[in-house]
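[1] mind folding the following:
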Amino acid sequence: LMGVGHPLDLVVCTTLGVDMYDCVYPTRTARFGVALGEFGEEGVGADAGIGNEGTLRLKSAACQSDTRPILQGCKCQACVNGYTRARLHGMLKKNKAAGVALALAVRFVTMHNVCYMQDLIKRMRQTIMEETHESFCRGFSKQLFPSGNVPQWAQDASTAAGILIRQNRFLIIV
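    Numbering: from 1, shown residues only. Have a look, this model is predicted:
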């Protein structure tokens with residue numbers, strides 16, 4: 001499926017039967033200092049730098065002194081090698097004269113986003129083979145939307161695939 005790259009989109013479209021994706025979103029969004037992941041436990045809002053549908057704005061003030069990796073447990077080069085949210089924030093906020101730091105930060109965020117998306121696809125493939133995809137969808141939904149405010153389009157598409165989303169849950173329609 002061309003042009004679909006948000007993590008939620010991939011989960012919903014995979015549930016609908018799509019099995020191949022091609023999109024620039026993970027790399028393009030990295031150029032703006034936006035990292036992808038399941039950040040739901042941290043809270044959504046401008047104060048946290050957390051956007052909806054699994055994004056973290058590393059340029060936000062909330063990341064300025066945050067010493068955590070982009071995403072706990074991520075195996076990308078940035079997360080494994082100690083490039084914290086604060087460090088990447090500083091590199092991304094440098095002026096254009098410090099282009100090397102900016103370019104390096106963008107490279108690390110790009111590698112993170114691609115690594116995250118590969119891991120997401122790998123997890124979905126595994127849950128489909130193990131016939132636990134419904135449970136995966138439930139956990140993914142809780143991570144992205146801890147308050148249960150799943151977008152209507154995702155609810156409608158999941159219902160069409162036989163999975164009913166209600167109040168932060170995926171319920172299987174048999």
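
[2] alpha carbons only for contacts and neighbour counts from here, please
    Fine.

[3] how close does Glu130 sit to Met124?
    10 Å (Cα to Cα, to the nearest Å).

[4] in terms of neighbours, single out the busier of those two.
    Shown here are Glu130 and Met124; by other Cα atoms under 10 Å, Met124 has more neighbours (20 against 9).

[5] distance of the closest residue in space to Met2 that isn't next to it in sequence from Ile163?
    Excluding the flanking residues, the one nearest Met2 by Cα to Cα, 6 or more residues apart in numbering is Asp22, at 4.9 Å. Asp22 sits at a distance of 25 Å from Ile163 (criterion: Cα to Cα).

[6] okay, those two: which has more neighbours?
    Between Asp22 and Ile163, Ile163 has the larger neighbour count (other Cα under 10 Å), namely 23 against 10.

[7] quick check: bridge partners of the more buried one?
    Residues in a beta bridge with Ile163, per DSSP bridges, are Ile172.

[8] and it, what pLDDT?
    With respect to pLDDT, Ile163 has a value of 72.

[9] again with Tyr21
    pLDDT, Tyr21: 85.

[10] tell me how far the closest residue to it other than its chain neighbours lies from Gln143.
    In this structure, Tyr21 finds its nearest non-sequential neighbour in Leu1, 4.7 Å apart by Cα to Cα, 6+ apart. Shown here: Leu1 relative to Gln143, a distance of 24 Å by Cα to Cα.

[11] higher neighbour count, those two?
    Gln143 (21 against 12).

[12] surely that one and Thr55 touch.
    No. Assessed by Cα atoms under 8 Å, Gln143 is found out of contact with Thr55, at 11.7 Å.

[13] what's the longest helix in the protein?
    The longest helix of the chain (DSSP state H) is helix 99-129.

[14] and that helix, what does it pack against?
    Helices and strands touching helix 99-129, by 3 or more Cα pairs under 8 Å, 6 or more residues apart in numbering; DSSP states H and E, are helix 7-15, helix 25-30, strand 34-36, helix 77-80, helix 85-93, helix 133-144.

[15] which secondary structure element of the protein has the lowest mean pLDDT?
    strand 169-172 (a mean of 48; mean pLDDT, DSSP states H and E).

[16] now for Ala105: which residues touch it?
    Shown in contact with Ala105 (Cα atoms under 8 Å, 6 or more residues apart in numbering): 88, 91-92.

[17] ok, those vs Arg68, which is closest?
    Nearest to Arg68 among these: Leu88, at 10.8 Å, using Cα to Cα.

[18] where does pLDDT dip in the chain?
    40-53, 95-98, 164-174 (pLDDT under 70).

[19] mind redoing it with 50?
    Of all residues in the chain, those with pLDDT under 50 make up the ranges 43-48, 167-171, 173-174.

[20] still on that earlier bit, which PyMOL command selects the buried ones in the contacts of Ala105?
    Of those, the buried ones go into a single PyMOL selection, burial set by 16 or more other Cα atoms under 10 Å:
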select buried, resi 88+91+92
